[in-house]
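Colleague: predicted model follows, preceded by the sequence.
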Amino acid sequence: MELLVATRSAGKSREIQRILAAVPGLIVKNLDEAGITFEAAEDDLEPYATFEENALSKARYFFDRSGMATVADDSGIEVDALAGAPGVRSKRFAPDQGLEGQSLDDANNRHLVGRLAGVATEARAARYVCVAALLSGKDEPLLIRGEAPGVIIDEARGTGGFGYDPFMLDPEVGKTFAEMAPSEKDARSHRGKAFRQLALELRARLHGDTNGA
């Protein structure tokens, strides 16, 4: 079975492909490997108010373009002191316009830390959220949600990961998500939780086996 991982984020693609590699017989391709070139319409695939709707929107778009079984995710960070913001706007939280890649991540993190200036550490609870949407053309769309709790800190720690990872501290292990080794991040992160569950589902569909994924 071939599965398209529908994201333009290199960081997301690496994490998802690493987790799904545990499924025997599954051939995972990213958009570049599948020859799916960028189109401007992709910029308008996340207009909705929930992670579930946005993930399904992206999965449907790339399923229609590729004809392949497709998984897409929508993910972000919800901060209690900001009434759940940035939420589905996590990628475009900063007021800076026209940024991409690391420059965009840096702007988002500056904006987040700035919005929390003066907020006590104990009031900085947050959670990472990831919703994975799977479309295969044969079954009903599958939506899987994963969450990871944390606390927002003022100073970046760690050089791994991407996005908000250097500022999102997992208090249970005393590390930011950027300080975790890839295997530890996969075990604890929102995306890891969602896609490990997806791996179980795919293993069951392919082999009738729900163990070991």
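Modeller: Yep, that arrived.
Colleague: so how far is G146 from E100?
Modeller: E100 sits 26 Å away from G146, taking CB to CB, to the nearest Å as the criterion. C-beta coordinates here come from the backbone N, C-alpha and C atoms, glycine included.
Colleague: more crowded one of the two?
Modeller: G146 (21 against 8; other CB atoms under 10 Å).
Colleague: need the three-state assignment for the more buried one.
Modeller: strand (DSSP: H, G, I helix; E, B strand; the rest coil).
Colleague: leaving out chain neighbours, which residue sits closest to the most centrally placed residue in the chain?
Modeller: Central residue of the chain (CA atoms, centre = their mean): S75, 4.3 Å from the mean position. Distances taken as CB to CB, 6 or more residues apart in numbering put C130 closest to S75, at 3.9 Å, once the chain neighbours are dropped.
Colleague: just G158 next, same as before
Modeller: Per CB to CB, 6+ apart, closest to G158 is A178, 3.0 Å.
Colleague: check Q17 too.
Modeller: In space, Q17 is closest to V28, 5.1 Å off (CB to CB, 6+ apart).
Colleague: what about the helix or strand where the one you found lies, distance to the chain center?
Modeller: Using DSSP states H and E, V28 sits in strand 27-30. For strand 27-30, the separation from the chain centroid amounts to 17 Å (computed by CA atoms, centre = their mean, to the nearest Å).
Colleague: what mean pLDDT does it have?
Modeller: The average pLDDT for strand 27-30 rounds to 96.
Colleague: need the contact partners of the very next helix or strand once past that strand.
Modeller: Next helix or strand after strand 27-30 toward the C-terminus (DSSP H and E): helix 51-66. Residues outside helix 51-66 that contact it (CB atoms under 8 Å, 6 or more residues apart in numbering): 4, 6-7, 31, 34, 36, 41-42, 45-48, 69-76, 87-88, 129-135, 137, 141, 143, 145.
Colleague: pull out the buried residues from these.
Modeller: 4, 6-7, 31, 34, 36, 42, 45-46, 69-76, 87-88, 129-135, 143 (16 or more other CB atoms under 10 Å).
Colleague: now, those residues that are in strands?
Modeller: Among the buried ones among the contacts of helix 51-66, the members found in strands (DSSP state E) are 4, 69-76, 129-135, 143.
Colleague: pull the contacting residues for the residue nearest to the centre of the chain.
Modeller: So S75 contacts 12, 51, 90, 128-131, 190-191 (CB under 8 Å, 6+ apart).
Colleague: now E46
Modeller: 54, 57-58, 74, 88, 91.
Colleague: what about the residue lying closest to R115 once chain neighbours are set aside, how many neighbours?
Modeller: Leaving out its chain neighbours, the residue that sits closest to R115 by CB to CB, 6+ apart is L82, at 6.1 Å. Neighbourhood size, L82 [other CB under 10 Å]: 18.
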